[in-house]
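>>> The sequence and its predicted three-dimensional model are supplied below.
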Amino acid sequence: MVVSLAWTLRQHFQGFPKPSDFQLKKETLPEPEDGEVLLEAVFLSVDPYMRPYSRNMMKEGDVMIGEQVAKVIKSRHPSFPVGCHVTSKCGWRSHWVCAGAELIPVLPDWPQDVSLSLALGAIGMPGLTALYGLEEVCGIKEGETLLVNAAAGAVGSIVGQIGKIKGCTVVGCAGTDAKLAYLKELGFDRAFNYKTVTSLEDALKEAAPNGYDCYFENVGGHFSSAVMPQMREFGRIAVCGSISMYNDTTPQTGPYVHSHMVFKQLKMEGFLCGRWKHKNQESLRRLMSWLTEGKLKSCEHVTSGFDNMPAAFIGMLKGDNIGKAVVKV
Ligand SMILES: NC(=O)C1=CN([C@@H]2O[C@H](COP(=O)(O)OP(=O)(O)OC[C@H]3O[C@@H](n4cnc5c(N)ncnc54)[C@H](OP(=O)(O)O)[C@@H]3O)[C@@H](O)[C@H]2O)C=CC1
Ligand SMILES: C/C=C/C(C)=O
C-alpha cells in the first residue's frame, strides 16, 4: 500500500491564483492489478491552461489537472517494466496507480544526456504546440516575418527557433530584460520588452517596418489589438492562447479586428495541439533531432519539491520562468 500526496483545488480561483486556493491531501492507493502500474512522479509540469481549464473541467476538491514524467515502480503490465519512464496526465500527484493504456512511453532511444523533463517541454506538449501552430495553422514559409509573444516561455521559445530553422525573420516580445537576452541567444532577430516600451505600436513597427506575415498569439487582449493593424496582406494568425486574459474577473472588450481581417484578407485560427496527435511520434522525433543537432535549445525553470507545486504555478503565471516551468520532485 502506498500513500500518495495530491494537490487539490480547495476553491475556484477568483482573479489571480493564490496559495490558499490549493490544499495538499493524502490518498491511499491500491496495489496495481493486472494491466496496471504504480507510478512515482519525477517531474511535474505547471502550464497556463491549468488556469482556464480549472474553471471548465474541475470542481472544488478535485486534484489539480496536469502532466508529469513518472517512473514505473511496480508493474503488472508487460509493456511498462519497473524502472521505465512514461508521461501521464494523472495531475498533481506524487504517486498513482493506473492502466498501462493511459500512459505514453517517453520516446525510445531518449539520449542519456537529455533531461527527461524535456518530455514536458521542448520534446513534449509545448514543443508540439509550437510546431503545429507554425506548420499546420500558419503554413509558415521561408523568408516570412514571424511575431511571437510570451516568446521566452515554453511554447514561444520553440516557436521562434523553429521560425529561424525555417528561414524566417523572427520578432519576439517578453516581459524582462533577462528574457530578451535569452531570445538573442536563441537567434531571434529582434526582441523587445512589452512592459517597458513607451508604445507597443511603435515597438512592433520598429521591429518589422514592413509588417508581419505570421503572428503566433500566446497573449491576447490589448497586445493582440496592437498587432492586427500591422499584419501584412494575407497574413496568418495562429491563436494558441490568451494568457493576459486568464485571470480577468471582468471580460476585456475591443478594439475589434474585423476591418483588418477583411481589408488585409487575414486568416485567424484557434487551435489545440491535440488536433494533430496522430503526428506526435514523428513530430517528437523531429524536435529531438533538432535538439541533438544543436538547432533547437531548451531552457527550464526548475522548482524543487512537490510541496512547491502551487508556488511554481503562480510564479509561472507571474512570468518568473525563462523557458519551461517544471517541478522536480
Ligand atoms: N493551444 C494549445 O494547444 C496550447 C496553448 N498554450 C498557450 O500558449 C501560451 C504560452 O504557454 P506556455 O509557453 O506554456 O507558457 P510560458 O512558459 O510562456 O509561461 C507563461 C508566460 O506568459 C507571460 N505572461 C503572463 N501574463 C502575461 C500577460 N498578462 N501579458 C503578457 N504575457 C504574460 C509570462 O512571460 P512574460 O514575462 O514575457 O510576460 C510568462 O512567463 C499560453 O497562452 C497557453 O495557454 C500552451 C500549450 C498548448
Ligand atoms: C492544451 C493547452 C491549451 C491552452 C489554451 O493552454
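Received the coordinates, thanks. Ligands and ions are numbered 1, 2, ... in the order given.
>>> Which strands and helices lie in contact with the helix or strand hosting Tyr182?
Using DSSP states H and E, Tyr182 sits in helix 177-186. Identification of packing neighbours for helix 177-186 by 3 or more Cβ pairs under 8 Å, 6 or more residues apart in numbering; DSSP states H and E yields helix 154-165, strand 169-174, strand 190-193. Heads up, the C-betas are built off the backbone N, CA and C, glycines and all.
>>> now the longest one against helix 177-186, angle please.
Here helix 154-165 points in a direction 30 degrees away from that of helix 177-186 (axes from the mean of the first three to the mean of the last three Cα atoms, to 10 degrees).
>>> which other residues reach helix 154-165?
47, 121-122, 126-127, 129-131, 133-134, 140, 146, 148-151, 170, 172, 174, 182-183, 186-188, 214, 216, 218, 240-241, 287, 290, 295-299, 321, 323-325 (Cβ atoms under 8 Å, 6 or more residues apart in numbering).
>>> swap the cut-off to 7 Å and go again
With contact meaning Cβ atoms under 7 Å, 6 or more residues apart in numbering, helix 154-165 is reached by 121-122, 126-127, 129-131, 133-134, 140, 146, 148-151, 170, 172, 183, 186-188, 216, 218, 240, 290, 295-297, 299, 323-324.
>>> Mark out where each domain of this protein begins and ends.
Following the assignment in automatic domain parsing, the chain carries domains at 2-121+300-328, 125-274.
>>> Looking at the helices and strands packed on helix 177-186, spot the one closest to ligand 2.
With Cβ to the nearest ligand atom, the closest approach to ligand 2 among those belongs to helix 154-165: 8.4 Å.
>>> is ligand 1 contacted by the closest one?
Yes - judged by Cβ under 6 Å from any ligand atom, helix 154-165 comes into contact with ligand 1 through Ala154, Val155, Gly156.
>>> Throw those into CSV and include pLDDT, thanks.
Output for the residues of helix 154-165 next to ligand 1, formatted as CSV (pLDDT from 0 to 100):
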residue, pLDDT
Ala154, 99
Val155, 99
Gly156, 99
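>>> most surrounded residue in those residues?
Neighbours here mean other Cβ atoms under 10 Å. Within the residues of helix 154-165 next to ligand 1, the largest count is held by Ala154, at 31 neighbours.
>>> how deep is Leu146 tucked in, by neighbour count?
Neighbour number of Leu146 under other Cβ under 10 Å is 28.
>>> just to revisit the earlier point, and the contacts of helix 154-165, which are buried?
Neighbour counting with 16 or more other Cβ atoms under 10 Å marks 121-122, 126-127, 129-131, 133-134, 140, 146, 148-151, 170, 172, 183, 186, 188, 216, 218, 240, 290, 296-297, 299, 323-324 as buried within the contacts of helix 154-165.
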